[in-house]
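Asks: What follows is a protein structure lacking sequence information:
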Ligand code: AMP
C-alpha cells in the first residue's frame with residue numbers, strides 16, 4: 001500500500017514518522033484519519049496497530065474525540081474481518097505502568113488464535 005509523504009507532525013515521535021512515510025511500515029489500511037499497519041513484534045497471527053494520523057499521547061485524549069475513537073474501532077473490526085474470523089482483542093496500553101512504549105495513541109488489534117484471558 002502506498003506511503004504518504006509529508007512532514008511528520010512531531011519529528012521525535014516514531015508513529016508520526018510512520019504516518020508521514022519517513023519510516024516504512026506494512027500498511028493494511030489507510031484513510032484520511034487513521035492508518036493501520038502490522039506490528040514489528042507480533043504477539044498473534046494478526047497483530048495490527050490502528051493509529052490516528054493526528055498526534056495525541058494516549059486513548060485518554062480520544063475520549064474528547066468520540067467520532068475518531070469510534071472510527072478506530074470500526075477499522076479494527078474491518079481488519080479483523082479481513083484477516084481472520086472477525087473476532088479480535090482491542091488493546092490500548094495507556095501509560096508506562098500499563099506497558100505503553102510509544103506515546104502516540106494506537107489500538108492493538110490481535111486475532112487469528114485463541115487469546116487466553118489475562119494474557120497480553
Ligand atoms: P505499546 O507498547 O502499546 O506502546 O505498543 C507499541 C507497539 O509498537 C509495540 O507492540 C511495538 O512492537 C510496535 N512498534 C514499535 N515500532 C514499530 C515499527 N516501526 N513498526 C511497527 N510496529 C512498531
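Replies: Cool, the structure landed. No experiment lies behind these values; they were computed from the predicted model shown.
Asks: What mean pLDDT does stretch 44-56 get?
Replies: Across stretch 44-56, the average pLDDT comes to 97.
Asks: er, stretch 109-120 I mean
Replies: Here the average pLDDT along stretch 109-120 is 91.
Asks: Tell me the buried residues in that stretch?
Replies: 109, 110, 111, 112, 115 (16 or more other C-beta atoms under 10 Å). C-beta coordinates here come from the backbone N, C-alpha and C atoms, glycine included.
Asks: Go ahead and confirm residue 20 touches residue 10.
Replies: No. Using C-beta atoms under 8 Å as the test, residue 20 is too far from residue 10 to be in contact (9.8 Å).
Asks: So for those two, which sits in the more crowded spot?
Replies: For residue 20 versus residue 10, neighbours defined as other C-beta atoms under 10 Å are more numerous around residue 20 (19 against 14).
Asks: Next up, phi/psi of the more buried one, please.
Replies: Backbone torsions of residue 20, given as degrees, to the nearest 10, read phi -80, psi -10.
Asks: Could you report the separation of the closest residue to it other than its chain neighbours from the ligand?
Replies: The shortest distance from residue 20 to any non-neighbouring residue, by C-beta to C-beta, 6 or more residues apart in numbering, is to residue 8 (4.0 Å). For residue 8, the distance to the ligand equals 13 Å [C-beta to the nearest ligand atom, to the nearest Å].
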